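Student: Okay, sequence plus prediction incoming.
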Amino acid sequence: MHALDGVLLELPTERAAQLAAVRGEFGDGAAQVWRGVLDRADEVWQARRRLGLEKPVITSPRISALPEILRGRDPLAAGRDLPALLDAVLGSLGPRSGGAPAGASPGLLTADLAVSRIFGRWQLLGDDGPADLQPLLDLLDSRLERRGVEVVSGPGTAPDAVVDATAPPPARRSFRREPIFGAPTRTIASVSSVPVPGEAEGIRERVIHSDEGPVVTWRWRRGDRLITVTDDHTRPVPDPSRGPSLAGVRGWTRRPPLAWTERDGVATLPASAASHGGPEPWAQLLTGALAAYRVHRRLTGEDVSPTNPAVGADGRAHRRGL
C-alpha cells in the first residue's frame, strides 16, 4: 500500500493488475503513462541484468560503452507527468534501493520495477506465520554437511583462493568523492496483540511518501505477537558496506569489479554488496553465484556458469558439449 497526502493505492506486482489499479484510482490517461513506465523499466532491466547480475563485471566500465538506455537521459522522464503519488513511487526507488537522496533520478534502479513484476515478491512462512531467513540458513547448513563441505572460521593453511565479502573503502579522489550509500534508520517492535477478526494474513507493507523520502513499514503476526519493522528513509545513515549510492550511473561504474588481485600471495576476489550487482538481497545472491563460478574456473579450469552454452542451468555439461 502506497500513501501520499491521504491518497492510497495498492500496487500489485502483476502487470495487468497494476495497470487496473492505476486506472481505477487515476483514470485511463495515467494508466497509459504507467504502461510506458513499465515498458521502459523492462528495457533497463534487460540492459542491466547482463552487467554484474548474470555476467560478472571484471573491469571498471566506461560510461560511453554502456547501452544507450543506461547512459542516456532519465529513462522515466516521460513518466513525470504522472499523478503525485505515482511520481513519488518512482522517486522512492533512489532511497529504497540505491541509498540515494529523496528525489534523485532512479536511473539503473528503474529495473527494480521490472524485477518484482517478473519474479514476484515472496515471503517465508513458518508454523507461526511469516519467518525470517533462519530456516533457509538451516537448510543450507544441512546441504553443506551432506556434500561434505567443512565450514571453518578461518583457513587453517594457506588458501588457494579467497573471496573477500567486505566492501573496500571508498576510493580517494582528489577531485570528487562519490556519496556513500544512505541506509534507512530501522526500528523493530514486537508487542502482544490479540488477533482481529478478519485480519489479513501474511506480511502487510505500507509506504508513506513525503518530500523527505519514504517510510516503509512491514507488519505481520507471529502467534500472539504483532511484529513491526520500519525503514525510515527520511533519516538515512551512511553505510559504506553497500558501496557508493546508486543515484546515477557514474557511482555504479566506480564499484569494485569482480577482478582477481594478489593479497599476501593469495588470489583474492572482491565480491560484496558494493559490487556492480548492487546491495539488494537478490542482487547479493547473484553476486555470490558469479564469484563462485569465477573461483571454480580458476581452481579447476572448468566454466560452470549458466552463460556457458555447453553447460546446463544445473551445472552439468550437455552431451553436445562433451
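Tutor: Yep, it's here.
Student: Show me where the protein has its helices.
Tutor: Using DSSP state H, the helices found in the chain span residues 15-26, 28-48, 68-71, 84-91, 93-98, 111-119, 134-146, 249-253, 281-300.
Student: What residues sit buried inside the last one?
Tutor: Meaning helix 281-300. Buried residues in helix 281-300, counted by 16 or more other CB atoms under 10 Å: 283, 284, 286, 287, 288, 289, 290, 291, 293, 294, 295, 296. To be clear about C-beta, it is placed using only N, CA and C from the backbone, and glycine gets the same treatment.
Student: now that helix against helix 111-119, angle please.
Tutor: If you take axes from the mean of the first three to the mean of the last three CA atoms, to 10 degrees, helix 281-300 sits at 80 degrees to helix 111-119.
Student: Packing partners of helix 281-300?
Tutor: If contacts are counted by 3 or more CB pairs under 8 Å, 6 or more residues apart in numbering; DSSP states H and E, helix 281-300 sits against strand 161-164, strand 266-270.
Student: Which residues does it contact?
Tutor: 52-56, 115, 119, 160-161, 163, 258, 260, 267, 269, 271-273, 275, 277-278, 302-305 (CB atoms under 8 Å, 6 or more residues apart in numbering).
Student: cool, and the second one?
Tutor: Applying CB under 8 Å, 6+ apart, the set of residues contacting helix 28-48 from outside is 15, 18-20, 22-23, 66-67, 69-70, 75-76, 78-79, 81-83, 86, 90, 108, 110-115, 117-118.
Student: just the fifth one next, same as before
Tutor: Residues from elsewhere that reach helix 93-98 (CB under 8 Å, 6+ apart): 100-110, 112-113, 181-182, 184, 213-214, 216, 231, 233, 236, 245-247, 278, 280.
Student: Repeat that for the fourth one.
Tutor: Residues outside helix 84-91 that contact it (CB under 8 Å, 6+ apart) are 2-5, 7, 9, 11, 22, 26, 30, 34, 37, 76, 79-80, 82, 102-104, 106, 207, 209, 214.
Student: buried subset of those?
Tutor: 2-4, 9, 11, 22, 26, 30, 34, 37, 76, 79, 82, 102, 104, 106, 207, 209, 214.
Student: Residue 167: which of the helices of the chain is closest?
Tutor: For residue 167, the closest of the helices of the chain is helix 281-300, at 11.2 Å, according to CB to CB.
Student: Keeping just the C-alphas, turn that closest one into PDB.
Tutor: Provided in PDB are the C-alpha atoms of helix 281-300 (Å, rounded to 0.1, in the frame of the first residue of the first chain):
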ATOM      1  CA  PRO A 281      19.400  -9.200  -1.200                       C
ATOM      2  CA  TRP A 282      18.600 -10.900  -4.500                       C
ATOM      3  CA  ALA A 283      21.500  -9.000  -6.200                       C
ATOM      4  CA  GLN A 284      23.900 -10.100  -3.500                       C
ATOM      5  CA  LEU A 285      22.800 -13.700  -4.100                       C
ATOM      6  CA  LEU A 286      23.600 -13.300  -7.800                       C
ATOM      7  CA  THR A 287      27.000 -11.700  -7.000                       C
ATOM      8  CA  GLY A 288      27.800 -14.600  -4.800                       C
ATOM      9  CA  ALA A 289      27.000 -17.000  -7.600                       C
ATOM     10  CA  LEU A 290      29.100 -15.200 -10.100                       C
ATOM     11  CA  ALA A 291      32.000 -15.200  -7.600                       C
ATOM     12  CA  ALA A 292      31.600 -19.000  -7.100                       C
ATOM     13  CA  TYR A 293      31.700 -19.500 -10.800                       C
ATOM     14  CA  ARG A 294      34.900 -17.500 -11.100                       C
ATOM     15  CA  VAL A 295      36.600 -19.300  -8.200                       C
ATOM     16  CA  HIS A 296      35.600 -22.700  -9.700                       C
ATOM     17  CA  ARG A 297      37.100 -21.800 -13.100                       C
ATOM     18  CA  ARG A 298      40.300 -20.500 -11.500                       C
ATOM     19  CA  LEU A 299      40.800 -23.700  -9.500                       C
ATOM     20  CA  THR A 300      39.600 -26.300 -12.000                       C
END
